[in-house]
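J.: only geometry, no sequence info:
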Ligand SMILES: Cc1ncc(COP(=O)(O)O)c(C=O)c1O
């Protein structure tokens, strides 16, 4: 998923003269952005330095090495907060030692929205132009994929002549994430790589979301296993969570179209998820508990009408958004 985003972001940096060929691009990643950035660096002749989460696996490590990217990986940890804190601290350390490096700031810099315009156009071309509602469902990590697709779909569908119906945006979160206020609920199982955060991200456009689902690891596992069993789609845990939420939403909007984002493949989850398929609950037996405030959140699955509310206080990104150099990190993507 992130290849489109990283390619367009690096292209934009080159076109606007912010970086030149041969420069080093640096960022932190849970996995798929690292690969996407390494591919973009490969295409444009840049050096790539990645601070990888504990969730970066052997396959990705090997791919990055052959692509010529430099990976520094955090030690094993089941704690999303600790893993992320360590990565941010390390990024700052590297920037102090190498001020000429360009920090991509995938979590804060909205140049990561740009690449999704072409995907929004493909979605628009594929859905009925009869005014019926379109529901877009996706995991929220940096917020770029869901935020950008909703923004471009809404812009492109503005005006009755387009035939486009309303676009509803549904975000998917793990428990234990500050982004939509679930940090007080711990999930004892492993991290769902790529979604949720322990720190505020400027690329999350909170007011764009109509509803939010929070899913436990077990619920996401049931989604991933069902997606392979029923539809023969082998995808990762955030996709399993998105698919479970999308099925639930789709059943409630008669005549509508539901699109969900599948960010990665299932390969890195073979042992932790797919080998446990006999433990998977039947998705038809699961349903989210409706809550009216994040204070009511509880495992294993909850849903709230977000109704375009702004960020919870703890998820509000400061203007310099962890940049450490006093630059405004938000390019006005609201
Ligand atoms: C596996 C996976 N799913 C979902 C996401 C969320 O995407 P976004 O950062 O666009 O919100 C990510 C982002 O890293 C991811 O790696």
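T.: Thanks, I have the structure now. The shown structure was predicted, so the numbers you read here are calculated from the model rather than taken from an experiment. Numbers count the residues shown, from 1 in each chain.

J.: Quick check, central residue of the chain?
T.: residue 141 (3.3 Å; C-alpha atoms, centre = their mean).

J.: Phi, psi for that residue please.
T.: phi -110, psi -90 (degrees, to the nearest 10).

J.: how much space between residue 36 and the ligand?
T.: 9 Å (C-beta to the nearest ligand atom, to the nearest Å). Just so you know, the C-beta spots here come from the backbone N, C-alpha and C atoms, and that holds for glycine as well.

J.: Residue 260 too?
T.: Residue 260 is 11 Å from the ligand, by C-beta to the nearest ligand atom.

J.: repeat for residue 273
T.: Residue 273 is 12 Å from the ligand, by C-beta to the nearest ligand atom.

J.: what pLDDT does that residue get?
T.: Residue 273 carries a pLDDT value of 97.

J.: Around the ligand, pick out the residues from the chain.
T.: Within the chain, the residues that sit near the ligand (C-beta under 6 Å from any ligand atom) are 30-33, 139-146, 193-195, 236, 238, 263-264.

J.: Out of those residues, which sit inside strands?
T.: Applying DSSP state E to those, the entries found in strands are residue 139.

J.: Count residues in the vicinity of the residue lying closest to residue 245 once chain neighbours are set aside, would you?
T.: Excluding the flanking residues, the one nearest residue 245 by C-beta to C-beta, 6 or more residues apart in numbering is residue 213, at 4.0 Å. If you count neighbours by other C-beta atoms under 10 Å, residue 213 ends up with 24.

J.: And residue 213, what's its pLDDT?
T.: Per the predicted model, pLDDT is 98 at residue 213.

J.: Please apply the same query to residue 32.
T.: 89.

J.: so what's it up against?
T.: By C-beta atoms under 8 Å, 6 or more residues apart in numbering, the residues touching residue 32 are 1, 2, 194, 263, 264.

J.: what ranges do the strands span in the stretch 101-250 of the chain?
T.: 102-103, 134-139, 167-174, 211-215 (DSSP state E, counting those that start in this stretch).

J.: Which of the ones you listed sits closest to residue 271?
T.: strand 167-174 (19.4 Å; C-beta to C-beta).

J.: Scan the chain for its longest helix.
T.: The single longest helix within the chain, with elements called by DSSP state H, is helix 80-97.

J.: which residues are in contact with stretch 222-242?
T.: By C-beta under 8 Å, 6+ apart, stretch 222-242 touches 137-139, 141, 172, 174, 192-195, 213, 215, 217, 219-221, 243-244, 260-269, 273-274, 277, 280-283, 286.

J.: How far away from the center of its chain is it?
T.: For stretch 222-242, the separation from the chain centroid amounts to 16 Å (computed by C-alpha atoms, centre = their mean, to the nearest Å).

J.: do the same with stretch 271-286
T.: With C-alpha atoms, centre = their mean, you get 23 Å for stretch 271-286.

J.: in it, what's buried?
T.: By 16 or more other C-beta atoms under 10 Å, the buried positions in stretch 271-286 come out as 273, 274, 280, 283, 286.

J.: what number of residues lie near the residue of the stretch 101-250 of the chain found nearest the ligand?
T.: Using C-beta to the nearest ligand atom, the single residue of the stretch 101-250 of the chain nearest to the ligand is residue 194, 2.2 Å away. Residues contacting residue 194 under the criterion other C-beta under 10 Å number 25.

J.: quick one, helices of the stretch 1-150 of the chain?
T.: Along the stretch 1-150 of the chain, counting by DSSP state H, counting those that start in this stretch, helices occupy 2-15, 32-44, 58-67, 80-97, 116-126, 144-156.
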